[in-house]
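*Asks:* one predicted model, sequence on top.
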Amino acid sequence: MAARDRYSRKLECPQCGHSGFAEVSEDDDPRRKDPGFQVDEMPKGFYTEFAARDPRKYMLRCQCGHKFRFERKSVYAPGGEPRR
Ligand SMILES: [Zn+2]
């Protein structure tokens, strides 16, 4: 069984500037095609619009109504980079 890789990711809405830290995890196994990505804890004011097991397809919705992908317009927290 693959270990889960956990890290936090800063989310920032490109429209209203609202931000927060999401706690996420994915399988720590580069051989897997499916990273098994999931958001364990969504920061206040952000919602899941479309849950996907790939962060590039995971859609979020901000409290202002703006929708954006998890990977877009977000930066890594210090020391929170996923291992590759
Ligand atoms: Zn917003």
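*Replies:* Right, received. Where do you want to start?
*Asks:* need the residue closest to the centroid of this structure.
*Replies:* Phe70 (4.9 Å; CA atoms, centre = their mean).
*Asks:* got a list of what the residue nearest to Pro35 when sequence neighbours are not counted touches?
*Replies:* Leaving aside its chain neighbours, Pro35 sits nearest to Glu26 (4.4 Å; criterion: CB to CB, 6 or more residues apart in numbering). C-beta here means a position set from N, CA and C on the backbone, and glycine is covered the same way. The contact partners of Glu26, by CB atoms under 8 Å, 6 or more residues apart in numbering, come to 4-5, 35-38, 55, 82.
*Asks:* make it 6 Å
*Replies:* 5, 35-37 (CB atoms under 6 Å, 6 or more residues apart in numbering).
*Asks:* and what of Glu41?
*Replies:* Glu41 neighbours (CB under 6 Å, 6+ apart): Glu23.
*Asks:* give me the pLDDT for it.
*Replies:* With respect to pLDDT, Glu41 has a value of 97.
*Asks:* now the one 10 residues further on
*Replies:* Here, the pLDDT recorded for Ala51 equals 95.
*Asks:* how near is it to Phe70?
*Replies:* 10 Å (CB to CB, to the nearest Å).
*Asks:* go on, Lys57?
*Replies:* Applying CB to CB to Lys57 and Phe70 gives a distance of 8 Å.
*Asks:* do Thr48 as well
*Replies:* 9 Å.
*Asks:* and if you look at Arg4?
*Replies:* 17 Å.
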